[in-house]
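# everything below, folded, please.
(chains A and B)
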Number of protein chains: 2
Amino acid sequence: MKKIAVDAMGGDNAPQAIVEGVNQALAAFKDIEIQLYGDEAKIKDYLTATERVSIIHTDEKINSDDEPAKAIRRKKKASMVLGAQAVKEGSADAVISAGNTGALLAAGLFVVGRIKGVDRPGLMSTMPTADGKGFDMLDLGANAENTAAHLHQYAILGSFYAKNVRGLANPRVGLLNNGTEDTKGDPLRKETYALLAADSSLNFVGNVEARELMNNVADVIVADGFTGNAVLKTMEGTALTIMGTLKSSIKKGGLKAKLGALLLKDSLYSLRDSMDYSSAGGAVLFGLKAPVVKCHGSSDAKAVFHTIKQVRTMLETNVVGQLVEEFTPKDSE
Amino acid sequence: MKKIAVDAMGGDNAPQAIVEGVNQALAAFKDIEIQLYGDEAKIKDYLTATERVSIIHTDEKINSDDEPAKAIRRKKKASMVLGAQAVKEGSADAVISAGNTGALLAAGLFVVGRIKGVDRPGLMSTMPTADGKGFDMLDLGANAENTAAHLHQYAILGSFYAKNVRGLANPRVGLLNNGTEDTKGDPLRKETYALLAADSSLNFVGNVEARELMNNVADVIVADGFTGNAVLKTMEGTALTIMGTLKSSIKKGGLKAKLGALLLKDSLYSLRDSMDYSSAGGAVLFGLKAPVVKCHGSSDAKAVFHTIKQVRTMLETNVVGQLVEEFTPKDSE
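As a prediction, the model looks like this:
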């Protein structure tokens, strides 16, 4: 039985969306057990599942504007912290939250803890491509600064995830850079390029420019946390702006435009769905001793369901256990 | 009379689009004179203007796949190099090319030369916002690495441009960062933040996240060249992917979708136009002794026209001369 701790109180639509996602997941997967951390009365309003589910009541929760590290230290009984604590103590195998990202990162690092040998766990997410296949990118902002050794570790981490969780046999690893030629980039990129090219365990395909990210040029994209964060947020901002502009342009276009939009409904929905990658699950703080996964703050029940499904796959394939093995120094060599 | 050197042979649609843009600009602006560098016979096929225009013939040109620094050194008679040389010698006031970006940057730095006091000229472009107002961002990739002192100079350069060329009285300057709080970022961002906040000549509005760039949160955005390049290319890639997905989704949607698209034509065009910022001109390698401006490689005649218009405004407002003044050490102080 896979035991998953879920912060019922984090995110814009908590606890309703969280609990409804849990109901769906419990119905779909018979090999999981969910621990819901949060306000018992509010959780019960939405909980329909009766088996393999428990509620651990707490009044405390971390708000979206709390200062992350401080919140983790001071709010010891917060739903998110109790979930991480359960993982640390072994009563849960993984923890999920849609709450304050910084706080979840801090809880992951300071409560759950790093895999020995992974210097700086990275935030990783599966992002959309035009052909629907997606790619995993890290670090998306767990760190403000990274060294080439960190980026090399991200290549290994991302490859393990793509292999085990996404089922790709030989994932292509690309390095986000300011040009595709081998010699491109700042010293960090040049040093990283050399490390990745020399590691025969990786299927390194070279430098990738940000313009090509959505064209399925690699399965894993390695970036420092500062740049990865900027790229992620630019993608989100650009997509939101375009969709918003199209919407308001249809509104202003009068009856003709509205009729057109009605006829185009299926195409517009399929466009929206192709940009919506919540079915790929949440963002993993990868490199920790157990899966710690962040759902988007605006997650609905479907996104929560898919994140639980993702965590279940991570537990089933024991991707974290394999990473521990990978990063354990091999004395006999 | 403002004398503008134009590389007639650079870009995907050269020389036709270049020369047609020149025809339009000469008709619209009576105070400009254009020097066209390139293949005389080919240029003459499209040149309809007869006044204030001259052709300087050369057989040599820089190709899009030439190694930039090498090309500048070896192809001394290339149309782009001759244009830059004319600026250096004072026979032209500015140079425009739609050719190899790296080569134009090299020609700008090594032929035209830096303003004394500007350490690393930055590539700057006006980028789209949802409300159509746009923002100027630099460095977009002229440099792979920058210091806080460079970023401080970019804030000054961008403000001068926004004031003089875009006519904004008190341009808001934002620092691209991984969060909006004052304390966010890596050491480079923290150091830059302190420099910008301490400079009372700037209207510094603080940190800006990439997600908000298109929401008119600042008039000038300061970034290091590596991150700026990644953000620019992510915006382009995301917009292209979304528009392409919408197009193919309409195609696959059959008659109903096609009828809908027909009715929505105006809205779709207005969406496309709002993302197309070619009317704001080209990308300026800013911090040089004269305007050196890159048109997009795929520029049509309209984009070339708008770039000439932009250069004309830069010359009329003497923004570069003012920068020289600004960066001259003031001994009397």
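
# just list whatever residues bridge to the residue nearest to the spatial centre of chain A.
Centroid check for chain A by CA atoms, centre = their mean gives residue A:283 as the closest residue, at 0.7 Å. Using DSSP bridges, the beta-bridge partners of residue A:283 come out as residue A:294.

# show me what contacts it?
Residue A:283 is in contact with A:101, A:123, A:124, A:125, A:140, A:293, A:294, counting by CB atoms under 8 Å, 6 or more residues apart in numbering or on different chains. In short, each C-beta sits where N, CA and C put it, glycine included.

# which of those residues sits closest to residue A:224?
Of all these, residue A:224 sits closest to residue A:140, with 10.4 Å by CB to CB.

# any idea how far chain B is from the closest one?
Per CB to the nearest CB, to the nearest Å, residue A:140 is found 10 Å from chain B.

# doesn't that residue fall inside a strand?
No. Under DSSP: H, G, I helix; E, B strand; the rest coil, residue A:140 sits outside any strand and is assigned coil.

# nearest spatial neighbour of residue A:210, chain-adjacent residues omitted?
residue B:233 (3.7 Å; CB to CB, 6 or more residues apart in numbering or on different chains).

# doesn't residue A:209 make contact with the one you found?
Yes. If you go by CB atoms under 8 Å, residue B:233 and residue A:209 touch, sitting 5.6 Å apart.

# can you tell me what sits against stretch A:49-69?
By CB under 8 Å, 6+ apart, the surrounding residues in contact with stretch A:49-69 are A:1, A:8-10, A:22-23, A:26-27, A:32-40, A:43-44, A:47, A:71-72, A:75-82, A:86, A:99-100, A:102-103, A:105-106, A:110, A:297.

# and stretch A:174-184, how far out from the chain middle?
On the basis of CA atoms, centre = their mean, to the nearest Å, stretch A:174-184 sits 25 Å off its chain's mean C-alpha point.

# check whether that stretch comes near chain B.
Yes. Stretch A:174-184 comes into contact with chain B (CB under 8 Å from any CB of the partner chain), by way of A:176, A:178, A:184.

# name the member of those residues with the most neighbours.
With neighbours taken as other CB atoms under 10 Å in any protein chain shown, the top of the residues of stretch A:174-184 next to chain B is residue A:176, carrying 27 neighbours.

# who's in contact with it?
Residue A:176 makes contacts with A:137, A:207-210, A:213, A:221-223, A:227-228, A:231, B:230, as judged by CB under 8 Å, 6+ apart.

# output those as TSV; include the columns pLDDT and neighbour count.
Shown next, in TSV, are those (pLDDT from 0 to 100; neighbours: other CB atoms under 10 Å in any protein chain shown):
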residue	pLDDT	neighbour count
A:137	97	27
A:207	98	22
A:208	98	23
A:209	96	20
A:210	96	26
A:213	96	26
A:221	98	26
A:222	98	33
A:223	98	29
A:227	98	27
A:228	97	28
A:231	97	28
B:230	97	29
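
# just give me the closest of these to residue A:327.
Nearest to residue A:327, judged by CB to CB, of the contacts of residue A:176 is residue A:222 at 16.5 Å.

# partners of the closest one in the sheet?
Under the criterion DSSP bridges, residue A:222 forms beta bridges with residue A:138, residue A:175.

# which residues does it contact?
By CB under 8 Å, 6+ apart, the residues touching residue A:222 are A:137, A:138, A:151, A:154, A:155, A:158, A:173, A:174, A:175, A:176, A:192, A:196.

# of the residues you listed - the most surrounded one?
Neighbour counts for the contacts of residue A:222 (other CB under 10 Å) peak at residue A:154, which has 33 neighbours.

# pull out the buried positions in the strand or helix carrying that residue.
Per DSSP states H and E, residue A:154 falls inside helix A:148-164. By neighbour count on 16 or more other CB atoms under 10 Å in any protein chain shown, the buried set for helix A:148-164 is A:148, A:150-164.

# what does stretch A:36-50 give?
The neighbour-count check on stretch A:36-50 (16+ other CB under 10 Å) flags A:36, A:37, A:38, A:39, A:43, A:46, A:47 as buried.

# check stretch A:182-190 too.
A:184, A:185, A:186, A:188, A:189.

# what does stretch A:162-172 give?
For stretch A:162-172, the neighbour count (16+ other CB under 10 Å) marks A:162, A:163, A:164, A:165, A:166, A:168, A:171, A:172 as buried.
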